[in-house]
Each structure stands twice: as C-alpha cells, then as structure tokens.
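Novice: A structural model of the following input is requested.
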Amino acid sequence: MLASPTPPRELPTNHQDLVAIEHALTLANRGDTSWLCTRLDTPAPAFPHLSVTSDADGPGYAGQPILLSQARDGGACLVNIDNNANDGTPCLVERLSPSSETLVHLEVIHATLAGQPSLIRRVSLGSTSMNLQRPTPTSPLVQIGDDVVEVLIQPALRLVLTGHAPVNADLARQGQRLGFEVILCAPDHPDTHHSTAPLPAGVEFQRAPAAPFLRGGGGHRRTLVMDATDASTIVRASREACCHGYLAMADIDPSRAANWLYDGWHSLRTSPTV
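Specialist: Purely as a prediction, here's the structure:
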C-alpha cells in the first residue's frame, strides 16, 4: 500500500454529488418525486455535499431521516441534522416534483458536475423557485440569506490513470477516498509480468488511448492525470483539455506519486474553479 498524508476524516466526496444527481434524474424520469438534500457546512473551503431519496422513503441525509413541514407541499427549507458532534448540521432540503422544469434543472447540474462550466444554484426558501446563474471569480461556495440559498456547483473531481501499472490500484483507491471519480485508460491487455492489481469497485475502465479520451471530454479543469506510460501525446492532450495537473510516473517512486495526488486534491479543494 502507498503511504501518503492522512486526509481529514470527513471528506468532500465530490464524485458522490454526481452519483446523487444521476439518481435524482432517474427518479424524475420515471415520474417519481424526490428529496434533494445539500449539506452546507462542509469545512471550508471544501464542497457542499448532496444526497437524494425517493418521496416514498421520505427526506434524509446520509441515512438520517429529516422531519419537515415547510417543504412537504413543494419548495425548499433549511433544517439542522444531528452529525454526532452535539450540534446541528445545516442542510438545504428540497422536494422535487418530476416536472419538465425539474428535469432540465437536474440535467444542467449533471452536465456541470461532468465538466461543463461552474454554475450557482439559487434556491428560494419556502417556494419552488430555483435557477442557475454564472458565478464570478469571488463567488463563495455557499451563501445563506434570509430567503434564499446559493450553492456553487463545480465539475466533480476526476482522476485519470493511464497504462497498466501495479501502483494504479492503490492510487485508484486513494483517489476514491479523496472524492475523485476514477477512470483508468489502458487500451492494451496487460502482459503477465506487469499486470495491474485488481481495481477497486467503482473505477471506470476505458479500453481506449488516453489522449483521445482526454481531448474528447474525458478531461476538464478539475482533472488530475497520472501517466504510467510517460507518453508525450498524453501530456499534450492534458494541456489541451485544461486538466488541473499531469504527472509522469514512469521514473518516480510510488510514494511520490501518492503525495502528488494528495497535493493536487488539496489544491483543487482550496481553489474553487469558476
């Protein structure tokens, strides 16, 4: 196993936001009402965090039920949930009906998390009004007003690993712990002497060259690329896709690669990307 600095216990698992919105879209597309819960107090300067439940299950966040009245007939409200620390965690709770407006709203959020430019969600409390706006370089991650909540939505963190290398399994596991969506690009079958260790569940495997994958939308400004092949084509593709960082791993110690991954994560979480 690779050694790297120990991240905070409570991480901004940004990729889980993408999974949550995909679940909300599934519910809306089949005509089901859902509850969207956004945690608002993730230690700054980290990210808000989303969870989704169906209307039949009632609202909840991270498995914790939330008792509401204000949002039962539609709209949004602020509540506090028990986070096992003897205080309340502020949470924006919205009841989303499966309307065409909801579908469009969720699809735009999904596109943003998948790599499109950042947006601000502006949600009116006590009503069904919600809209999307372009942020400015100084836009905060979360802003709570008397009757409105604004949340900055950014592309989900992405880690692209290239080539068949034994270190990739550990890097993939660490990337997932840090909240990255992890993708391995390896077009060729690994040989018997340098095969990659089994990848953790949830890692997307792309049997395609990394360079065209990155240029075709696989890379964005919140993407880190760790290249076990040390190919110049991947370097250029990473730059063209405006990826946040690139590391050639062919000639460095695995522990240095782990530290670089952690440093890249820290840079991304402390520098909101507009």
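
Novice: how does the chain divide into domains?
Specialist: Using automatic domain parsing, the domains assigned to the chain come out as 14-153, 158-270.

Novice: right, so those: which one is the most enclosed?
Specialist: domain 158-270 (a mean of 18; mean count of other Cβ atoms under 10 Å). Bear in mind the C-beta positions are built from the backbone N, C-alpha and C, glycine included.

Novice: low pLDDT regions in the protein?
Specialist: 1-14, 42-48, 61-65, 67-74, 82-88, 189-197, 270-274 (pLDDT under 70).

Novice: what about 80?
Specialist: 1-15, 41-49, 56-75, 80-89, 188-198, 269-274 (pLDDT under 80).

Novice: show me where the stretch 51-200 of the chain has helices.
Specialist: 100-113, 167-177 (DSSP state H, counting those that start in this stretch).

Novice: Any chance you could list what contacts the longest one?
Specialist: With Cβ atoms under 8 Å, 6 or more residues apart in numbering as the test, helix 100-113 has contacts from 17-18, 21-22, 24-25, 28-29, 96, 118-119, 121, 130, 132, 153-156.

Novice: Try it again at 10 Å.
Specialist: Contact with helix 100-113 is made by 14-15, 17-22, 24-29, 33-34, 36, 50, 52, 94, 96, 99, 116-119, 121, 128, 130-132, 152-157, 181, 222, as judged by Cβ atoms under 10 Å, 6 or more residues apart in numbering.

Novice: and what of stretch 120-127?
Specialist: 36, 38, 48, 70-71, 74-78, 92, 94, 105, 108-109, 112, 129-136, 139-141, 143-153, 274.

Novice: Need the helices of the stretch 51-200 of the chain in CSV (columns: distance to C243).
Specialist: Listed next are the helices of the stretch 51-200 of the chain as CSV, based on distance: least, Cβ to Cβ, whole Å:
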stretch, distance to C243
helix 100-113, 16
helix 167-177, 14
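
Novice: Quick one: closest of these to W260.
Specialist: helix 167-177 (9.7 Å; Cβ to Cβ).

Novice: and the closest one, what other elements does it pack with?
Specialist: strand 158-162, strand 181-185, strand 223-227, helix 254-270 (3 or more Cβ pairs under 10 Å, 6 or more residues apart in numbering; DSSP states H and E).

Novice: Of the ones you listed, which is nearest D170?
Specialist: helix 254-270 (7.4 Å).

Novice: Mind giving me the packing neighbours of the closest one?
Specialist: helix 14-29, strand 158-162, helix 167-177, strand 223-227, strand 245-248.

Novice: try it again with 8 Å
Specialist: helix 167-177, strand 223-227, strand 245-248 (3 or more Cβ pairs under 8 Å, 6 or more residues apart in numbering; DSSP states H and E).

Novice: Now tabulate the ones you listed in a markdown table and tack on distance to A237.
Specialist: Below are the helices and strands packed on helix 254-270 laid out as a markdown table (distance: least, Cβ to Cβ, whole Å):
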| stretch | distance to A237 |
| --- | --- |
| helix 167-177 | 18 |
| strand 223-227 | 8 |
| strand 245-248 | 9 |
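
Novice: do you know which of the ones you listed lies nearest C185?
Specialist: Here strand 223-227 is closest among these (Cβ to Cβ), at 9.3 Å.

Novice: How about P140: what's its closest non-neighbour residue?
Specialist: Of all residues not flanking P140 in the chain, L152 sits nearest, at 7.0 Å (Cβ to Cβ, 6 or more residues apart in numbering).

Novice: how far away is the one you found from S118?
Specialist: Separation of L152 from S118 (Cβ to Cβ, to the nearest Å) stands at 6 Å.

Novice: cool, R173 as well?
Specialist: In this view, R173 and S118 are 28 Å apart by Cβ to Cβ.

Novice: For A258, which of the helices and strands packed on helix 254-270 is the nearest?
Specialist: Across the helices and strands packed on helix 254-270, A258 has its closest neighbour in helix 167-177 (6.2 Å, Cβ to Cβ).

Novice: how far out from the middle of the chain is the closest one?
Specialist: 16 Å (Cα atoms, centre = their mean, to the nearest Å).

Novice: can you check stretch 205-217 too?
Specialist: 19 Å.

Novice: List of residues touching it?
Specialist: 115, 160, 162, 183-187, 199, 218-219, 223, 225, 227, 229, 231, 233-234, 236-238, 240-241, 243.
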